[in-house]
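# here's a sequence, model it:
(one chain, ligands or ions: 3)
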Amino acid sequence: MAPWIPDCMHEFATGRVVRTDAKVCHVEIGDKVLLCAPRGKLFEGLEQKNPIAVGDLVQVDLEGNPCSIEAVLPRRNWLGRTASSHDPREQVLVANVDRLFVIGSLGKPGFSSNRTDRILAACAWHGIPAALVINKVDLAREGDLDALRASYAGANVEWHETCALDRRGVDRLAERLRGAVNVFYGASGAGKSSLINAIQPGLKLKVGKISKFWDAGKHTTAHSQLIPLAQGGWVIDTPGIRTFRLHRLSVGELRGLFPEIVRFQDRCKFPDCSHDHEPDCAVFEAVEQEELPATRYGSYLEMLDELRNSTGGEDVPDAEEAPGGESGGDSDRGSGQASGPD
Ligand SMILES: Nc1nc2c(ncn2[C@@H]2O[C@H](COP(=O)(O)OP(=O)(O)O)[C@@H](O)[C@H]2O)c(=O)[nH]1
Ligand SMILES: [Mg+2]
Ligand SMILES: [Zn+2]
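Residues are numbered from 1 along each chain as shown. Ligands and ions are numbered 1, 2, ... in the order given. All right, here's what the predicted structure looks like:
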């Protein structure tokens, strides 16, 4: 029998989405970036809000103008959140992440254990390896760093201490970004852009200015983007202005996202102990004995409280930053929506 030959031979290629705009995606294929339009079928029967996110590997039909995205390859992992208070679907912010770097700073804005612990929990939930970068170590007061190291000793998180100004720790950080898809997450002013500039001076990201790379709010004009690194790999610089509620997380699952809590909870009297009110709670005792950092436990309790009072996934305003002294000027504070600036 003669082989079957389709009417038209389309040429396909696999590429990585490096940026998404309203109607088109920028897809890196080899050494080129092509503008591609997602096929309508990708939106059908979709559980998530967006069929395609930055970081997705996609199959592109190279015929036609623009080229079209025919399929999204299965994701290794992704960072997502509940889309909005009106839309319970999950919005995928970035897919196929090798590592998320939480950038915290000393001085201003002050280090927020709450913000940090939430995103570490989110990474654990989504299977994204996480690292913690303490930036502005030039501003450290005596004991600052020791206290932070102690708080995170049991958190299973890769640790960096950096100064973007004198480049302390920058080369080691740069080495960890090589060849990988990296997300920089942290409060406005923590030094994300400064660190990326120190790693790759040619980029000249605006320091002290708000970028629009990360559309976490309702602002459809903003986009997110993978910035290619000369050494290979990418980084997403995110405003990360606020934390976001994890999609469809249960109380039982939350407990598993804090490695220190997991370590003690076998000894609780009740196997389903939530560690906030039950008698003979080994986790609570560990906090009292200072074997488990109070800041980590506090972050857990706050997330637990939110889960219990959850009304269906409205995002959480960055209330924890108000007393911590985040540098002024963020117009979105307390509004519950990420507005653009970063
Ligand atoms: N002292 C000190 N200041 C820094 C350091 N890194 C960044 N900054 C300053 O912190 C401010 C905010 O930095 P930026 O990179 O824009 O933060 P981003 O909002 O996280 O991107 C700028 O004034 C930087 O010069 C650091 O390691 N030490
Ligand atoms: Mg910035
Ligand atoms: Zn307990």
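
# drop to CA atoms for contacts and neighbour counts, all remaining ones
Noted.

# which residues of the stretch 101-250 of the chain fall in helices?
All helices of the stretch 101-250 of the chain, identified by DSSP state H, counting those that start in this stretch, fall at 113-126, 144-151, 170-177, 192-199.

# so which of those helices is the most packed in?
Most buried of these, by mean neighbour count (mean count of other C-alpha atoms under 10 Å): helix 192-199, with a mean of 23.

# now for the longest strand seen in the chain, which elements pack on it?
Identified as the longest strand of the chain according to DSSP state E is strand 12-20. Contacts defined by 3 or more C-alpha pairs under 8 Å, 6 or more residues apart in numbering; DSSP states H and E place strand 12-20 against strand 25-29, strand 57-61, strand 224-225.

# same list (the ones you listed) but as TSV, adding distance to residue 286, mean neighbour count and mean pLDDT.
Listed next are these as TSV, based on distance: least, C-alpha to C-alpha, whole Å; neighbours: other C-alpha atoms under 10 Å; pLDDT from 0 to 100:
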stretch	distance to residue 286	mean neighbour count	mean pLDDT
strand 25-29	49	21	93
strand 57-61	44	22	96
strand 224-225	41	24	78
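
# how about those, which one is nearest ligand 3?
strand 224-225 (40.1 Å; C-alpha to the ion).

# rebuild the helices and strands packed on strand 12-20 as TSV, extending it with distance to ligand 1.
Output for these, formatted as TSV (distance: least, C-alpha to the nearest ligand atom, whole Å):
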stretch	distance to ligand 1
strand 25-29	23
strand 57-61	27
strand 224-225	14
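
# on that earlier part again, among the helices of the stretch 101-250 of the chain, which comes closest to ligand 3?
Among those, the nearest to ligand 3 by C-alpha to the ion is helix 113-126 (18.2 Å).

# okay, strands next: where are they in the protein?
12-20, 25-29, 32-38, 57-61, 67-72, 78-82, 90-95, 99-105, 130-135, 158-161, 181-186, 224-225, 227-228, 234-237.

# rank those strands by pLDDT, which is bottom?
Lowest mean pLDDT within the strands of the chain: strand 224-225, at a mean of 78.
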